[in-house]
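J.: Following is a predicted model, sequence given first.
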Amino acid sequence: MRHSLLVAAVLLLCSTLGSGHKYKIGDHITLYANKVGPFQNPTETYQFYNLPFCQPAAGKEYKIEDLGEVLEGDRLVNTPYKIDFRKDVANHVLCKKTLNNKDLQLFRDAVKQDYYFQMYYDDLPVWGFLGKVEKIVKTGAHKFYLFTHFHFELSYNADRVIEINVSSDPGKTVDITTANSLEVAFSYSVKWKETGVTYDHRMDRYARYSFLPQHLEIHWFSIINSCVTVLLLTGFLATILLRVLKNDFLKYTRDDEMGEEHEETGWKYLHGDVFRFPPHANLFSAMLGVGTQMFAVVMCIFVLALVGVFYPYNRGALLSACVVLYALTAGIAGYVGGVQYKIMGGTNWVSNVLLCAGLFCGPVLVVFSYLNTVAIFYRSTAALPFGTIVIIIVIWALITFPLTVLGGIAAKNSKAEFAAPCRTTKYPRDVPPLPWYRTTVPQMMMAGFLPFSAIYIELYYIFASIWGHKVYTIYSILFIVFIILLIVTAFITVALTYFQLAVEDQGGGGGRSCAAAPPASSSLAFQLAVEDHRWWWRSFLCGGSTGIFIFGYCFYYYYARSDMSGLMQTSFFFGYNALVCYAFLLMLGSIGWRASNLFVRHIYRAIKCE
């Protein structure tokens, strides 16, 4: 993982280093147009010249972009604006165009849908709207106005560009509501001014004007309040359960010292079955391996974020990091999945390696194929070019898959063994019928609620950044919330176990059972209490159930907190969020199972089993 992180960091840092961004007075700096699209649908973007804007006299030239920028839908192209370093321009006519009915209809539709444009000047982003809509109060009709003049205000410090803003002139608009043909003169002006802001801090303003609260203290308070509440609850319940578990140990130890024959009760009764391997061992091993890989990728992403690689509007850096890190950590999935498969007595190594390689990439391929088809139909910049698709396939074929195979080979040749504290009986015990609330789905819902409650506040800011137009920059808070998520996932079992114990104690039946591990624990506590030894799969599913809650939050955000609409935006929003939630299910599921496995080994190692 350390080498993978180093390679990813070097690649990303190299991509962010430019030529120094130093200029002399009069040096020409190209103003690149990136994309246009409806403001409420951030993914539905189109190339700038899909609308009949003034084009460069020498023709369009597209800027060469890296993989992450293409994945984000960036398509930078030059514009006819002549903005030289520290040279003011006063009301310069860009071009005069006669707009026919088709051109005017394109502009009308764009203004009606609140289209914005994005440009880049010396790698600094700038946004503006194409026009405005005015409603006539008496008639209720709408009039559409197109902005024909843009004013650029730029700041400099010595020989560097520090800031750029664009505004429209309300006195220079044209009414395009009903016209069938119209001659329009597009113009612009430029004004430079000196500033004391240094080049190293020129991106700070984008972080200040994000969707985050105006006062950072409010954001910290909401996060800390949520986390403290959850931690106090889990700590309180963990203390109770530790006392219950201690009483169990004392009881079993006292019975063993007395040497009397006692009927085994509680979780000790299951010592001959609790380490019995689960069904579908190949699939279980692959999910555990891929989940571990996802955890490694997330931790590497956090390291890169905390060292400042993902500064505001470092175009495509995050997506590039995800692709590179996923490819370089593929060996983790192959090795962890292979070792677990070997421990459980598996022999079909080819099937295990293929499953590890395709368990996440397969759904990604299916979702991407559909979404890319929709984007092509819309002629959106979100549609990946054929060359980019080939590059991704080559990365998978030459890096991801070979590393997965190498991990599987290393696992096959390893000396890993499963040393259970208790001997497993030849024949499994019959599991008594379970009430509906002790089955898998209700337990998953109970197990996922508390971890989700620890992160739901932060989810809004993350969604507003990914599916909006603002920036998320406080990665330190996000990392703290992620750690809290892992801890709470581990302790959710405490609550479910405690309530189950209380019910059985009142009823006077069965022995005590307890568990104190991640998501797995929740199911584990219930299962051991009712003599259900099938905790392997359920601990994994309960651990990953937070991913289901996150996907449920997607519906709430889409319909209640956003103005997104349309087939393309809806497809991209739910399609890619489904993949992210699936990744969370695998990652948290693997953490849940591991914690439960450690816990079960600990409690059975502490007692005498015959």
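T.: Alright, I've got the coordinates.
J.: CA only for contacts and neighbour counts going forward, please
T.: Fine.
J.: which residue sits closest to Ser476, ignoring its sequence neighbours?
T.: Residue nearest to Ser476 in three dimensions, not counting chain neighbours: Leu306, with 6.7 Å by C-alpha to C-alpha, 6 or more residues apart in numbering.
J.: So the one you found sits against Tyr475, correct?
T.: Yes: between Leu306 and Tyr475 there is a contact under C-alpha atoms under 8 Å: 6.3 Å.
J.: Tell me, how many residues neighbour the residue nearest to Asn41 when sequence neighbours are not counted?
T.: Once flanking residues are discounted, Asn41 sits nearest to Met564: 5.2 Å by C-alpha to C-alpha, 6+ apart. Close neighbours of Met564, defined as other C-alpha atoms under 10 Å, add up to 22.
J.: Give me the phi and psi for Met564.
T.: The phi/psi pair for Met564 (degrees, to the nearest 10) reads phi -70, psi 150.
J.: how much space between the residue nearest to Ser476 and Tyr206?
T.: Going from Leu306 to Tyr206 by C-alpha to C-alpha, to the nearest Å gives 18 Å.
J.: Phe275 too?
T.: Distance from Phe275 to Tyr206, counting by C-alpha to C-alpha: 54 Å.
J.: go on, Ala416?
T.: From Ala416 to Tyr206 the distance is 51 Å (C-alpha to C-alpha).
J.: what about Phe275 and Tyr206, which has more around it?
T.: Phe275 (23 against 17).
J.: does the more buried one really touch Thr425, like I thought?
T.: No: using C-alpha under 8 Å, Phe275 makes no contact with Thr425, being 9.5 Å away.
J.: In what element of secondary structure is Ser167 found?
T.: strand 160-168 (DSSP states H and E).
J.: right, and the helix or strand after that strand?
T.: Downstream of strand 160-168, the next assigned helix or strand under DSSP H and E is strand 173-175.
J.: which outside residues touch that following strand?
T.: Gly131, Lys143, Phe144, Tyr145, Leu146, Phe147, Thr148, His149, Val184 (C-alpha atoms under 8 Å, 6 or more residues apart in numbering).
J.: Greatest separation within those: which pair is it?
T.: Using C-alpha to C-alpha, the pair of those lying farthest apart is Lys143 and His149, separated by 18.6 Å.
J.: So these two - more neighbours on which side?
T.: His149 (22 against 17).
J.: Against Leu398, how distant is the more buried one?
T.: 50 Å.
J.: Please apply the same query to Cys361.
T.: In terms of C-alpha to C-alpha, Cys361 sits 14 Å off from Leu398.
J.: same thing with Ala286?
T.: For Ala286, the distance to Leu398 - C-alpha to C-alpha - is 21 Å.
J.: got it, and Thr292?
T.: Distance from Thr292 to Leu398, by C-alpha to C-alpha: 22 Å.
J.: Of these two, give the one with the bigger neighbour count.
T.: In this view Thr292 and Leu398 are compared by other C-alpha under 10 Å, and Thr292 has more residues nearby, 22 against 12.
J.: Per-residue confidence, that one, what does it come out as?
T.: Here, the pLDDT recorded for Thr292 equals 96.
J.: which SS state does it fall under?
T.: Assigned with DSSP: H, G, I helix; E, B strand; the rest coil, Thr292 falls in the helix class.
J.: looking at it, it is touching Gly331, isn't it?
T.: No: counting by C-alpha under 8 Å, no contact exists between Thr292 and Gly331, whose distance comes to 10.6 Å.
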